[in-house]
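> Dropping the sequence and predicted coords here.
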Amino acid sequence: MSQFNEFVSFVRNLYSTSDFLPLHVPIFNGNEKKYILETIESTFVSSVGAYVNRIEEIMRAHSSVNRAVATVNGTTALDMALKVCGVGQNDEVITQALTFVATANAISYNGAIPVFVDVDYDTMGLSPKALLHFLETHATVENGVCKNKKTGRRIAACMPMHTFGFMCRIDEIASICDEWSIVLIEDTAEAIGSKYKGRPSGNFGRVGAFSFNGNKVVTAGGGGMMVTNDEKIADLAKHLTTTAKVPHKWDYFHDQIGYNFRMPNLNAALLCAQMEQLDKFIINKRETALEYKSFFDSMGITFRMELEDCYANYWLMCIELDNQRERDEFLAKTNDAGVMTRPIWKLMFDLPMFKDCYRDSQENASLLSERIVNIPSSFRPKL
Ligand SMILES: *Cc1c(COP(=O)(O)O)cnc(C)c1O
């Protein structure tokens, strides 16, 4: 790509600014200040409070599930999701190498071992084909337990991720997991408000885990959420994230090693105000996506759009360049011009702590890892 100047002026015009243009910034034009002030005045700023209950009910309804449990961030939601699904020491968890590091970290926190299968080129999320191929080659189901024939370890869970808010083929993945007795946990940290065949992200597996970090579509400052239809799993999640304290008027009795993982009321207040604006944010971002699309079409560059079965939140928008050299030149020139762009993540097995993990061919992940670049994607107040 040689049209750097065209891109820089287009994006500056899009966001009506000649200042530094960040990748994604939060916007607080709703009830954020009001709710936070209320929280401070109530003195309930910590992990018990009305806004925590309220955001759990909002997310429960939003995800069309029975229960939601709020956590301090998305990483703890993933960590806890694995724990309450019984994933532990020496289990294997199938995931994608093309993801943010938190996905693989959460697996490791539980003493489990990530197994990396390829993504689909079009969705950039876990490939059902690659998953099935891995299982047919390496796994067997004995007495309802899926085992890796080579390592002898249990394959306990599969954790696909919806890259940048584009949905992976999650229904196919769900039926494969079902057939092979593997628990499905959705890392839907990036996909709040995205849908697959009309069904909300987070609704497809045993547990869905969201993130509300400051760079996501809606933010709690820091926050996460587990959603599930399983009452027992939700009860256990709430118990473990609340230091495993057995409820009692005055007595401190903890029946196991628990965690201080609950979302504070202060953060929940911010998130409640943000969730009121989610639809507005997504409609605005989808409009921006269309403008990018027609610009990049005219430049002969691929701008990634949602596929037929997907309604995307367009969290971080992205283009696909021809090769790594072009990508690096684009990154250098745009960042030099004060327009923030970022490459997609390095593949997990290229990081030192995951270098020995099993991986399949990784054809698609490798190509995408070299070619995909994120471009400014914030809400546009002036639209
Ligand atoms: C943001 C993100 C997380 C982690 O969320 P935090 O709230 O930052 O802990 C996990 N997985 C993916 C794919 C993410 O993008």
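Structure received. Because the structure is predicted, anything quoted here is derived from the model rather than measured. Numbers count the residues shown, from 1 in each chain.
> For the stretch 201-350 of the chain, which residues are neighbours of the ligand?
If contacts are counted using Cβ under 6 Å from any ligand atom, the residues of the stretch 201-350 of the chain sitting beside the ligand are 211, 213, 224. For every residue, glycine as well, the C-beta is placed using N, CA and C.
> could I get these as CSV with secondary structure?
Conversion of those to CSV gives the following (DSSP: H, G, I helix; E, B strand; the rest coil):
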residue, secondary structure
211, strand
213, strand
224, strand
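> Enumerate every residue touching the residue in the stretch 51-200 of the chain that the ligand sits nearest to.
In the stretch 51-200 of the chain, the residue found nearest to the ligand is residue 74; the distance is 2.5 Å by Cβ to the nearest ligand atom. Counting by Cβ atoms under 8 Å, 6 or more residues apart in numbering, residue 74 touches 102, 189, 209, 210, 211, 212, 213, 216, 223, 224.
> hang on, the first one in a strand?
No. The assignment for residue 102, made by three-state DSSP, is helix rather than a strand.
> Count the neighbours of the residue lying closest to it once chain neighbours are set aside for me.
Residue nearest to residue 102 in three dimensions, not counting chain neighbours: residue 75, with 4.4 Å by Cβ to Cβ, 6 or more residues apart in numbering. Residues lying near residue 75 (other Cβ atoms under 10 Å) number 23.
> Same check on residue 214?
The criterion is other Cβ under 10 Å. On that basis, residue 214 has 12 neighbouring residues.
> quick one, what contacts the closest residue to the residue of the stretch 51-200 of the chain closest to the ligand other than its chain neighbours?
By the measure of Cβ to Cβ, 6+ apart, the closest residue to residue 74 outside its immediate chain neighbours is residue 211, 2.5 Å from it. Residues near residue 211 by Cβ under 8 Å, 6+ apart: 73, 74, 75, 77, 102, 189, 190, 223, 224.
> same thing with residue 23?
Contacts here follow Cβ under 8 Å, 6+ apart; on that basis residue 23 touches 215, 316, 340, 341, 342, 374, 375, 376, 377, 378.
> now with 7 Å?
Each residue near residue 23 by Cβ atoms under 7 Å, 6 or more residues apart in numbering is listed here: 316, 340, 342, 374, 376, 377.
> gap between it and residue 263?
Distance, residue 23 to residue 263, using Cβ to Cβ, to the nearest Å: 25 Å.
> on that earlier part again, checking my notes, the residue nearest to residue 102 in a strand, right?
No. The assignment for residue 75, made by three-state DSSP, is helix rather than a strand.
> Would you mind measuring from it to residue 103?
From residue 75 over to residue 103 the distance is 9 Å, taken as Cβ to Cβ.
> What of residue 372?
As defined by Cβ to Cβ, residue 372 lies at a distance of 17 Å from residue 103.
> Also residue 152?
Shown here: residue 152 relative to residue 103, a distance of 24 Å by Cβ to Cβ.
> neighbour-wise, which of these two wins?
Neighbour totals were compared for residue 152 and residue 103, and residue 103 leads with 26 against 8 (other Cβ under 10 Å).
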